[in-house]
Each structure stands twice: as structure tokens, then as C-alpha cells.
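1. sequence and computational prediction follow.
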Amino acid sequence: MSKSKRIALAGNPNGGKSSLFNALTGLNQKTGNLPGVTVEKKSGSYTYENEKVDVTDVPGLYSLIARSPDELISSNLILQTGPEAPELFVYVADATQLRKSLFLFLQMKAAGCPLILTLNMSDLALERGIRIDTLKMEEFLGIPVLPVSALKRKGIQELKALIHETEPETQTKADQQLPEPEQIFEQIDQVMVECISWDQKLAFTSRSEKFDKWAMHPFIGYALFFAFLFLMFQAVFSLAEFPMTWIETAFISLGETLQSSLPEGPVRSLTIHGILPGLSGVLMFLPQIAFLFFFLAILEDSGYMVRATLLMDRVMRRVGLNGRSVIPLISGFACAIPAIMSTRTIGNPRDRLITMLITPLISCSARLPVFILLVSLLLPDEKWLGIFNYQGLALTALYLLGFLSAFGTALVLNKGIKVKNVNPFLMEIPEYRFPHWRQVGMQIYEKCKSFVSEAGKIILGISIILWALSSYGPADLSSAPHEETTLEESFAGKAGKFIEPVIAPLGYDWKIGIAIISSFAAREVFVGSMATIYHIEDEEDMKRIKDRLSQEVNPETGEKVFGTGTLVSLLLFYLFALQCVSTLAVMRKETGGWKWPMIQFAFMGILAYCSALLANQLL
């Protein structure tokens, strides 16, 4: 095989670069109808006629004169010289918006970049009555011009052949002077006059403009947006329920099989109580992640997401954020993990960081089993005014309090996290279009694979550590014969005893302390831990757990262990505390280190402790 050729894809945001990258290389690269979706350089390769071609997807920009850090990175990639510089640029222009697309192209041409011009979405341009004379354009520009449709895979083989036939040119970019914008606009006008014609019979009437009268309406627009969100999360919960139940059932069956087939001992205990719960904790999230990103991908690819972010920008600016933070925060009601992952669409680093930091304050579905148990102990199953269930009102109040605390925290963080340059919130509004299902599927696969391969390893490791702490105690370190270690005598039990002086002001004893420690793996573990501690065989039977806890009495004081103060304290603690290893793992992955996850963990822990302390002391 001959020496590989280095090429790069360049163009405006949302012009089809990522789609063309996928078509050329077959790699999984997110393609969304949101400007700036390619936020970092992506590389891949393909082979054509026994020649390997290395492809780089340069983040989209509008001009070589950078006005933001992202554009500066892209501009430097384009203008770089030396052995690592691309030998050829494939410029991806939107054939339906050539006037806008040609500005950067003509800058690159003037800078001496070796170029091939691809007219993406040429089929859509024809449908709209736009006729492009590619031969005349080639003659006028002096470079190869090729119509393609990246999504429909039209013109891809012709492009590969053209790349193969094009010889690398000498790099002269460093010596070139960019022309003034007025000169470039004059050239664009000449191209439009000489090479473009319009069929008036097929003249395009924008359906987007018609629908936007409703979608961007100051009242109807908000109603539509929240209706879409309501339907999306209803679908996420209802559609994910079956695969999540199937995964849970599969792991239960696997555990029963291993229980009967493996000999009794540490290996069986580790497998059943350490490894399997860890794997289950990873895979149980996948259905929600897959369905949530399925709907988010549809909203992005259809073009509606841009409208929603612009619509909500005014509301979010009141807490120092912008419209792009809306979807991740709303997604947090389902699960903080996909919600944090979805912040990748937020271009401003500060806004993205603040959104990630406050998202776990939104009450996720993992808190629901804890809330249901504690609220059922706190309030009777009766109705207020014969209509509203007391327990339902309490749950609503908890979710509302979490949402308000997230906004309050955003206000504080907005004052504390400063940036040197604040970019204005500008977004290009694309036309509506039908989602491309292959791209949607690739995006879902990429998100699920990323979660399993990155966060999954950390979740599994910590689950095994928690098993060891719950299964062994100090007595196991000695060689003297002793009975099997109980939960109270385990390292976890000792930890519960150790932290009892700290949690006693909150109204908790050492048993509740063990449940709190064990639930740092995942909040919903609290219910199972309480069932284990109080010797309730079926931890799925919420009624038995409730009855047992309601009867528990402190032997020293004679008072109920789970009194009003303790229950409200626990509710507030679980509302605010960051008790989710998965969230910490994803935060580490998304922020690139442990600094911000630890700050987030400490802040939410202090908030939870102070709130729980105040509630217990007052009640």
C-alpha cells in the first residue's frame, strides 16, 4: 500500500461536514442540526484503490478571522503548515445556501489551501429550483466542483475517485494575505450571477417560516415546547420500562443460576453481590440513555432544537445561563447521566460547566423509590379536599424544590465562575427537515458505547469495593477462627458506627448510616439496604419495609426511629446529596478530571447536611 494521503473536511457549521465524514470513513461522529455540533477535531480513514486516506473533520467556522476560541482552533488547523498539515481540503458547501457558504471557501482559496469544492444537499437544491452549473463554476473558480448528498450517499464514490486523482500541492499558505471582506463579497456575487439560476416554477416557499409563526410565538411557542418535553419524557419512562425490567429480570435469573451452581465462598459472594450488581447498575441505565438521546437526536436533526433554545434563552438568562441549558436540565428528571452527557451541545464552556454542576439537583428517577418510601411513612394515603393526594403533593413539592435549588445554585455560580470573554448567544436557524434515521441510530450507539466503556468501568470497580466493605470486617484480618462477619461487624458497619456522631444531629442512627454509605453507589440502594438491615427478605415488598420501619423504636429513648424530624431530614438529604457513583464518573469524563466532580460532591453534601440538620432541629 502506498503512503497515506492527508485530507481535511472544512466548511460552515451545519453544512454537512460530519455527515460527509461518516459517509467517507464509516466512523460514528455525531451529526446534528445545531450549529457548532462538531466541537473537537475528529479523525478517521478509508482506503480507495489501495491508497489509504486519513480524514480530519475540522470544527465548523464562518471565517478564518476567528472571533471565538473554537473558531481559532479551526482556523489554526486550516492555516497550519509543515509535515502534519492536510495535503488537500474538501470544502463542504450547502448547495441551498451558497452565498453564505462561499465566504469561508474563498478565504481558504485566497490563503493558498489546495481545495475540492463539494456542493452538499444538491438534490435538495434542485427540488427548490436552484440550478448550479458545476462546469462553469469549475472554470470560474479554477478548482474541481462536485455535487453530492452526504446523507443519501450520492456522489461519495466520485468524490473518493477525485481525491485519489488529485495530486498534493506545495504548501504556500503562510505567505498569503487574506482579501478584504468587500472583495470576497464581490467574488461571491460574480459566482452567483455566472453559475446559478433559479427555476421560478419550483421556487421554494419556506414551510419553516410558516411553522415558526407558531413555534416561536411568545405564548404558543412555550406551550408547544413544554408539550414536546412532556411527551418526550412520558415516552422515555414508558418505553424504557420494558427493557429495564427485562435487564433486571435477566440479572435476577443469572444471579439465581450462579447461586445454585457456584460453590459457597468468597468467589460466589463477589460474583453475586459485587460484580453482578455493578454490571446491572451499568446496563440498567442504557434504555433511558438510548431513548432519551433518540428523541433528542430527532429534535436536533429536525431543526426544532435550535428554536427551543432561542425560545428559552430569555428565561435562562435570568440565572446567568442561556437557552442551550434547557434540555439537559429537563433531562435530569429522568436521569442525571444522559442529562450531563447532553450538555455537549452547549458551546460556552462556563455555561456548560454550570449546567453540569446543577443538573444533579434536579430530582431524577433514582430518587423516586426513596421518596416514595419516606413520604409514605411521613404522610397518610389520604386526599386533601377530596381531590389531591397528600403524598402526591409532597412528591410534587420535592421535585419543585430540587428545580428551584438548581436555579438558585446557578445564580451563585454565575457570580463565582468568571470568563474573560462572554460570547453573545447567536444561532443560525436551519430549515426544518426529516431526521436521517441512520445518523440518529449512530448517535444513540455512540452515546451508549461511551457510557458503558468509560463510566461503566468506574461503576463496576466501586461496586466491587462496596461489596468488600460490606462483606468483611476487622475480624477477617486475623487468623483466629471467627463466625461469618455480619453487616454490623463489617467495615461498612464500622463506618456506620464511626459516622454516627456526625449524623446523630440529623436524627440518624448507625443503621441509617450504613444505608447512606451503601447508597452512595446509587440512591435507590437505600431501600434495599434498609431491607437488609432490618432483616426483610423481600426488598421489593415496599409495604413490608414500610411496616417494619414504622415500628422501629429507639431502645434508649423509646421514641420512634423514623419520626417526623428524621423523615423530613432524610427527604432533604436525599434531595440534595450527590449519592450516585455513575454521575461522578460521567462528570469526571466530561470535565476531564476529578476537580469539578469533587467540588460538586462537596457542595451538594454540605447543602444536604445543613438542610437535613435544620429540618430535624426544627421538627
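-> That came in fine, so what should we check first?

2. which strand or helix spans the closest residue to residue 190 other than its chain neighbours?
-> Leaving out its chain neighbours, the residue that sits closest to residue 190 by CB to CB, 6 or more residues apart in numbering is residue 140, at 7.5 Å. In short, each C-beta sits where N, CA and C put it, glycine included. Assigned by DSSP states H and E, residue 140 falls within helix 134-141.

3. now the helix or strand following that helix, how far from the chain's geometric center?
-> Downstream of helix 134-141, the first helix or strand assigned by DSSP H and E is strand 145-147. Here strand 145-147 is found 36 Å from its chain centre; the criterion is CA atoms, centre = their mean, to the nearest Å.

4. packing partners for strand 145-147?
-> Here strand 145-147 touches strand 115-120, helix 134-141, helix 156-165, going by 3 or more CB pairs under 8 Å, 6 or more residues apart in numbering; DSSP states H and E.

5. if we can go back for a sec, can you give me the buried ones in the helix holding residue 140?
-> By 16 or more other CB atoms under 10 Å, the buried positions in helix 134-141 come out as 137, 141.

6. make JSON lines out of the helices and strands packed on strand 145-147 and add mean pLDDT and distance to residue 417.
-> JSON lines is the format used below for the helices and strands packed on strand 145-147 (pLDDT from 0 to 100; distance: least, CB to CB, whole Å):
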{"stretch": "strand 115-120", "mean pLDDT": "92", "distance to residue 417": "38"}
{"stretch": "helix 134-141", "mean pLDDT": "90", "distance to residue 417": "46"}
{"stretch": "helix 156-165", "mean pLDDT": "90", "distance to residue 417": "44"}
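
7. of these, which is nearest residue 553?
-> Nearest to residue 553 among the helices and strands packed on strand 145-147 is strand 115-120 (72.3 Å), distances taken as CB to CB.

8. buried residues in that closest one, which are they?
-> Neighbour-count burial for strand 115-120 flags 115, 116, 117, 118, 119, 120 (criterion: 16+ other CB under 10 Å).

9. so what's the third one up against?
-> For residue 117, the contacting residues are 91, 93, 105, 137, 141, 143, 144, 145, 146, taking CB atoms under 8 Å, 6 or more residues apart in numbering as the criterion.

10. tell me which of these is nearest to residue 322?
-> Among those, residue 93 lies closest to residue 322 (CB to CB), at 28.8 Å.

11. am I right that residue 212 is in contact with residue 308?
-> No. Counting by CB atoms under 8 Å, residue 212 stays clear of residue 308, with 11.9 Å between them.

12. between those two, which is the more surrounded one?
-> Higher neighbour count among residue 212 and residue 308: residue 308, with 23 against 16, using other CB atoms under 10 Å.

13. can you check the pLDDT for that one?
-> Looking at residue 308, its pLDDT reads 77.

14. next: residue 103.
-> 92.

15. residues touching residue 138, list them.
-> Residues in contact with residue 138 (CB under 8 Å, 6+ apart) are 144, 145.

16. so how far is residue 187 from it?
-> Between residue 138 and residue 187 the computed distance is 15 Å (CB to CB, to the nearest Å).

17. closest one to residue 13 out of the buried residues of strand 115-120, please.
-> residue 120 (13.0 Å).

18. and the protein, what are its domain boundaries?
-> As given by automatic domain parsing, the domain ranges for the chain are 2-202, 458-618.

19. tabulate these (TSV), appending distance to residue 434.
-> Shown next, in TSV, are the domains of the chain (distance: least, CB to CB, whole Å):
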stretch	distance to residue 434
domain 2-202	10
domain 458-618	30
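
20. and the lengthiest helix in the chain, what does it pack onto?
-> When the chain is parsed with DSSP state H, its longest helix is helix 220-261. For helix 220-261, the packing partners by 3+ CB pairs under 8 Å, 6+ apart come out as helix 207-215, helix 276-283, helix 286-302, helix 304-316.

21. relative to residue 407, which of those helices is closest?
-> Nearest of the helices and strands packed on helix 220-261 (CB to CB): helix 304-316, 9.3 Å.

22. neighbours of residue 369, just the number please.
-> Neighbours around residue 369, by other CB under 10 Å: 16.

23. list the neighbours of the helix or strand containing it that are in contact with it.
-> Per DSSP H and E: residue 369 is located in helix 368-378. Here helix 368-378 makes contact (CB under 8 Å, 6+ apart) with 363, 391, 394-395, 398, 519, 523-524, 526-527, 530, 542, 545-546, 549-550, 562, 564, 567-568, 570-571, 574.

24. what of stretch 118-132?
-> 15-16, 19-20, 90-96, 98, 134, 145-150, 152, 154-155, 159, 195-204.

25. CA atoms of that stretch as PDB?
-> The C-alpha trace of stretch 118-132 is given here as PDB (Å, rounded to 0.1, in the frame of the first residue of the first chain):
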ATOM      1  CA  THR A 118     -18.400  19.800  -2.800                       C
ATOM      2  CA  LEU A 119     -21.900  21.100  -3.100                       C
ATOM      3  CA  ASN A 120     -23.700  19.100  -0.400                       C
ATOM      4  CA  MET A 121     -27.500  18.700  -0.400                       C
ATOM      5  CA  SER A 122     -27.500  19.300  -4.200                       C
ATOM      6  CA  ASP A 123     -30.600  17.100  -4.500                       C
ATOM      7  CA  LEU A 124     -32.500  19.400  -2.100                       C
ATOM      8  CA  ALA A 125     -31.300  22.500  -4.100                       C
ATOM      9  CA  LEU A 126     -32.700  21.000  -7.300                       C
ATOM     10  CA  GLU A 127     -36.100  20.400  -5.600                       C
ATOM     11  CA  ARG A 128     -36.100  24.100  -4.600                       C
ATOM     12  CA  GLY A 129     -35.500  25.200  -8.200                       C
ATOM     13  CA  ILE A 130     -31.800  26.100  -7.700                       C
ATOM     14  CA  ARG A 131     -29.700  25.200 -10.800                       C
ATOM     15  CA  ILE A 132     -25.900  25.200 -10.300                       C
END
